[in-house]
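1. Attaching a predicted model along with its sequence, questions to come.
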Amino acid sequence: MKKHNFNAGPSILPREVIEKTAQAVLDFQNDGLSILEISHRAKNFQPIVDEAVALFKELLNIPDGYSVIFLGGGASMQFCMVPFNLLEKKAAYLNTGVWAKKAMKEAKGFGEVVEVASSADANYTFIPKDFTIPADADYFHITTNNTIYGTELLKDLDSPVPLVADMSSDIFSRPVDVSKYGIIYGGAQKNLAPAGVTFAIVRNDILGKVSRHIPTMLDYRTHIDNGSMFNTPPVLPIYTALETLRWLKANGGVEGAEKRNIAKAELLYNAIDNSKMFVGTARKEDRSRMNICFVMKEKYKELESEFITFATSKGMVGIKGHRSVGGFRASCYNALPIESVQALIDCMHEFESLHA
């Protein structure tokens, strides 16, 4: 039976990327060694990092004055690394979900934190609007896509202070005006690579302005100055990231990915909106293309677990919703084909015909 991978993360990767990674694990570049056992200082690994950085810059049109680095620790490490490097007196945060809230909590250990707006009272079913960013803040932090709640900020905000964005789950899913950001960071395990590597796109001129001592490993300048090689980097995930970037470029780049993502989201949301049994959870104007959340209508609530079992029997993987929302979540990252979305819709229709 064909499996349709809707896991929220770690998540689906392009099949050809998995196959090329598997080959590199067995024999990297016909060198007789696995990529798992080569030195990160080997002459044939440095070009991997260099090309990955170059493709980041090409695919996202990153302007001069920015660095791309690969780190460990996941996006959660960035929750403290950002304020370590940027927060002198005050930082502003937009609270749109669990990850934004966790980032905000970490920043409070470094200075004053202002919550400019929140949708917590509505269980994060929308992105707050019409808020004011304090002009005296050291930076303004946003989470562009909220995997748990299925909301997404699909435009690049104008900010009077450096804008910092957690783009763990929507990087490379749409064009981004990088020039509007001071830092963009994210865990790679959604649209880029397996878990184990974190990317950061950093505007160089915002660094070096805080008075505190920054531990060596938590200073962005350490990794920029050493080309992500200050300590042993996560070699395998970086290689997989490169293969994903090559795949993305060969398939129309970020613009091509956005067209496919819009088509997938429209197809599934249309099925949800026209269903007798299912209903979406996020407000329509803020719906995520990456993580589509829906539940049973009140009349059919008791059938939710039965639908999970039914869908699993049809090859759907990872569609159970997060406990904060319940119901179902279809994560439609770049590598998910539209055929999988249609298979889920067919599954929904079949279940509906049996029970609605």
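-> Perfect, I can see it now. Just so it is clear, the structure is predicted and the values come from calculations on it, not from any experiment.
2. contacts, neighbours, all on C-alpha from now
-> OK.
3. now the helix or strand hosting Leu94: how far from the chain's centre is it?
-> Using DSSP states H and E, Leu94 sits in strand 90-95. Between the centre of strand 90-95 and the centre of its chain there are 20 Å (Cα atoms, centre = their mean, to the nearest Å).
4. Could you identify the helix or strand that succeeds that strand?
-> Criterion used, DSSP H and E; the element after strand 90-95 is helix 98-107.
5. Now do the very next helix or strand once past that following helix: which elements does it pack against?
-> Where DSSP H and E defines the elements, the next helix or strand beyond helix 98-107 is strand 112-118. For strand 112-118, the packing partners by 3 or more Cα pairs under 8 Å, 6 or more residues apart in numbering; DSSP states H and E come out as strand 90-95.
6. now the angle from the strand it packs on to helix 98-107?
-> Using axes from the mean of the first three to the mean of the last three Cα atoms, to 10 degrees, the direction of strand 90-95 lies 160 degrees away from that of helix 98-107.
7. Need the contact partners of strand 90-95.
-> 100-101, 104, 107, 111-120, 128, 133-134, 136-143 (Cα atoms under 8 Å, 6 or more residues apart in numbering).
8. go with 10 Å
-> Here strand 90-95 makes contact (Cα atoms under 10 Å, 6 or more residues apart in numbering) with 83, 100-104, 107-108, 110-120, 124, 127-129, 131-144, 161, 163-164.
9. so Val114 makes contact with Phe140?
-> Yes. Contact criterion Cα atoms under 10 Å: Val114 and Phe140 qualify, at 9.3 Å.
10. Need the residues touching each of the two.
-> 90-94, 133-134.
11. Please list only the buried members of those residues.
-> Buried members of the shared contacts of Val114 and Phe140, scored by 16 or more other Cα atoms under 10 Å, are 90-94, 133-134.
12. got TSV for the residues you listed, with pLDDT and distance to Ala188 too?
-> As requested, those are exported to TSV (pLDDT from 0 to 100; distance: Cα to Cα, whole Å):
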residue	pLDDT	distance to Ala188
Lys90	98	29
Ala91	98	25
Ala92	98	25
Tyr93	98	22
Leu94	98	22
Ile133	98	29
Pro134	98	31
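13. circling back to that earlier point, kindly give a single ChimeraX line that selects the buried subset of the contacts of strand 90-95.
-> One line in ChimeraX is enough to select the buried members of the contacts of strand 90-95, burial here meaning 16+ other Cα under 10 Å:
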select :83,100,101,103,104,107,108,110,113,114,115,116,117,118,119,124,127,128,133,134,137,138,139,140,141,142,143,144,161,163,164
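14. Name every strand pairing with the strand holding Leu94 and say which way it goes.
-> Looking at strand 90-95 with DSSP bridges, its partner strands are strand 112-118 (parallel), strand 140-143 (parallel).
15. Where do the helices of the stretch 201-350 of the chain begin and end?
-> 220-225, 235-250, 253-273, 304-313, 338-355 (DSSP state H, counting those that start in this stretch).
16. deepest of those, which one?
-> Per residue and on average, the most neighbours among the helices of the stretch 201-350 of the chain fall to helix 235-250, with a mean of 21 (mean count of other Cα atoms under 10 Å).
17. and that one with helix 253-273, angle?
-> If you take the same axes, to 10 degrees, helix 235-250 sits at 90 degrees to helix 253-273.
18. Strands along this structure, start to end?
-> Taking DSSP state E to define them, one finds strands in the chain at 4-5, 66-71, 90-95, 112-118, 140-143, 145-146, 151-152, 163-166, 183-187, 198-203, 278-280, 291-296, 316-317, 328-331.
19. Who are the packing partners of the second one?
-> When you say that, I think you mean strand 66-71. Secondary-structure packing of strand 66-71 (3 or more Cα pairs under 10 Å, 6 or more residues apart in numbering; DSSP states H and E): helix 46-59, strand 183-187, strand 198-203, helix 220-225, helix 235-250.
20. can you tell which of the ones you listed is closest to Gly318?
-> strand 183-187 (19.0 Å; Cα to Cα).
21. How far does that closest one sit from its chain's centre?
-> Offset of strand 183-187 from its chain centre (Cα atoms, centre = their mean): 8 Å.
22. Listing partners with orientation, what would you give for it?
-> strand 163-166 (parallel), strand 198-203 (antiparallel).
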